[in-house]
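>>> Model the following, please.
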Amino acid sequence: MGQGEQNLALDMQLSRDVTIAVCSAMQSTFDVEITPGPFEVGKGMVSLVGDVSGVIGLVQDELEGTMILCLTFDTVRDILPRIVGNSIAVTHEMTVDAVGEITNMIFGQIKTELNGRGYGLKLGIPSVVTGRGHFVSQFHRGPYMIIPFYLEGQLFQVHIVVYGKREVEN
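Below is the predicted model:
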């Protein structure tokens, strides 16, 4: 690790940071209220089910990970008219762009918060995976955190998995 850099832990503080970032990004962008659920920490392979997922790398000197924002097309199509207007038809490309942007906004806020406390996260570039009912599976079988969120009764999830040269403590 870099000098003075803290190792990222899948704990209550990270859950709080992610929850604040998700709620803030969704509120400021779409003017919607998000209800977070209790986070879960585990180890092993997890498959997330959704239609559109933003994926971004979490990188420290001695630790790597991935953050995935997994939503359904219906959820994204329900909120996009709030910024583009009801007269514009929401396309597949618009949902992909929106999920990429919101993933980047959430990661940016998390990165700023964590780096302010000495975590040394590096810039990640989001990718978006789409396909109705797709599964996003990590080949890594290490520690993960899943945080469920609800938007007008529709579930979406943030999944964070970490792995590195050293054992990650929870």
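>>> And the helix or strand that T75 is a member of, what does it pack against?
Per DSSP states H and E, T75 falls inside helix 73-79. Applying 3 or more C-beta pairs under 8 Å, 6 or more residues apart in numbering; DSSP states H and E, one finds that helix 73-79 makes contact with strand 47-59, helix 92-116, strand 143-151, strand 154-164. Where C-beta positions appear, they are placed from N, C-alpha and C, glycine not excepted.
>>> now the shortest one, how far from the centre of its chain.
Taking C-alpha atoms, centre = their mean, to the nearest Å, one finds the center of strand 143-151 at 8 Å from the center of the full chain.
>>> contacts for the helix holding T75?
26, 30, 32, 51-52, 90, 92, 95, 98-99, 132, 151-152, 154, 156 (C-beta atoms under 8 Å, 6 or more residues apart in numbering).
>>> Filter the residues you listed down to the buried ones, PyMOL style.
With 16 or more other C-beta atoms under 10 Å as the criterion, this PyMOL line picks the buried residues out of those:
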select buried, resi 26+30+51+52+90+95+98+99+151+156
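>>> Out of the contacts of helix 73-79, which one has the lowest pLDDT?
Ranked by pLDDT, the contacts of helix 73-79 bottom out at R132 (80).
>>> wait, is that residue part of a helix?
No - under DSSP: H, G, I helix; E, B strand; the rest coil, R132 falls outside any helix and is assigned strand.
>>> how far away is it from Y119?
Distance of R132 to Y119, computed by C-beta to C-beta, to the nearest Å: 36 Å.
>>> what does F107 give?
For F107, the distance to Y119 equals 13 Å [C-beta to C-beta].
>>> got it, and V52?
When V52 is compared with Y119 (using C-beta to C-beta), they lie 28 Å apart.
>>> S53 too?
24 Å.
>>> Between those two, point out the one with more neighbours.
The residue with more neighbours, out of S53 and Y119, is S53; 25 against 22, by other C-beta atoms under 10 Å.
>>> what pairs with the most centrally placed residue in the chain across the strands?
Residue closest to the average C-alpha location in the chain (C-alpha atoms, centre = their mean): L69, at 3.7 Å. Taking DSSP bridges, one obtains G54, V158 as the residues bridged to L69.
>>> For it, list the residues it contacts.
L69 is in contact with V22, S53, G54, V99, I102, T103, I106, F156, Q157, V158, counting by C-beta under 8 Å, 6+ apart.
>>> And for the fifth one, the neighbour number?
The number of residues packed around I102, counting by other C-beta under 10 Å, is 21.
>>> which residues sit in contact with it?
Applying C-beta under 8 Å, 6+ apart, the residues contacting I102 are A25, M26, T29, G54, L69.
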